[in-house]
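Colleague: Next come a sequence and a model predicted from it.
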Amino acid sequence: MGNALGDVLGLAAGVAVSPLPVVAIILVLATPRGRPNGLLFAVGWMLGLSALGAAVLAIGGSSGAATNKQPATWVGILQLVLGAALLVFAARLWRKRPTDAAEARLPKWMAAIDRLAPVKVFGLGLALSAANLKNAPLTIAAGASISSSGLPPGQQIATLAVFVVIASLGIVVPLGVLLLMGERATGLLGSWKDWAARHNIAVMAVLFFVFGLKLLGDGIGNLT
């Protein structure tokens, strides 16, 4: 189980430092119903990661992700495909990054966050975790790695739970800061939001590149 955790902790950290979800949770926390909506967003986020990871575990368990403690061929192929996709995304983002970080703009949909009903805040957390172009491939890769580890089902679920907790730190930390500091957290969270907004594209490009190379290396290693 320790080896399986070591394989997925880096992927979890990559999910945790997603700039746009961090900006989104801070914007949610700044609304009049910041605390309850922030909790809903966090629950949606963790549920999205858990559901996607569990689906991969289920598929891996039914299709033999590991044989004699060796990853199945499809696991290596999946890692190669995900790694190549992340490298393509990295190249596109790097070309589109603003030359001046001060010119960076947030997506237009973020302007409507303060008007979202609680159920839509929950759905936003769900979407930004399970349907995010970076988080989904990393979560799928983590699920495939856990599934191919040869661990008993209970330990696979426990490993996935640790992955989800680590991957949720970027969401949970701002929420915890608000709950502990109250109004005093406004300035701190605002500075985090501004930094994440300015450097979102560059950070995403670098993360795509780093984890794309990692998945390619893992895929090649598993296939050979």
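Modeller: Looks like it came in fine. Numbering: from 1, shown residues only.
Colleague: neighbours around residue 115, how many?
Modeller: Here the number of neighbours of residue 115 (other CB atoms under 10 Å) works out to 8. For every residue, glycine as well, the C-beta is placed using N, CA and C.
Colleague: cool, residue 124 as well?
Modeller: When neighbours are counted by other CB under 10 Å, residue 124 registers 23.
Colleague: need the contact list for it.
Modeller: 24, 28, 41, 44, 113, 116 (CB atoms under 8 Å, 6 or more residues apart in numbering).
Colleague: if we go to 7 Å?
Modeller: Residue 124 makes contact with 24, 41, 44, 116, according to CB atoms under 7 Å, 6 or more residues apart in numbering.
Colleague: again, but for residue 168
Modeller: 16, 42, 45, 46.
Colleague: SS state for residue 151?
Modeller: For residue 151, the secondary-structure state derived from DSSP: H, G, I helix; E, B strand; the rest coil is coil.
Colleague: pLDDT value on it, please?
Modeller: You'll see residue 151 listed with a pLDDT of 80.
Colleague: Let's test this: name the helix or strand in the protein with the lowest mean pLDDT.
Modeller: For the chain, using mean pLDDT, DSSP states H and E, the weakest element among its helices and strands is strand 66-67, scoring a mean of 56.
Colleague: What is the nearest of the contacts of residue 168 to residue 214?
Modeller: Proximity of the contacts of residue 168 to residue 214 (CB to CB) peaks at residue 16, which lies at 15.5 Å.
Colleague: just checking, that closest one touches residue 169?
Modeller: Yes. The criterion here is CB atoms under 7 Å, and residue 16 meets it with residue 169 at 4.6 Å.
Colleague: who's more crowded, those two?
Modeller: Each of residue 16 and residue 169 has its neighbours counted (other CB under 10 Å); residue 16 has more, 19 against 15.
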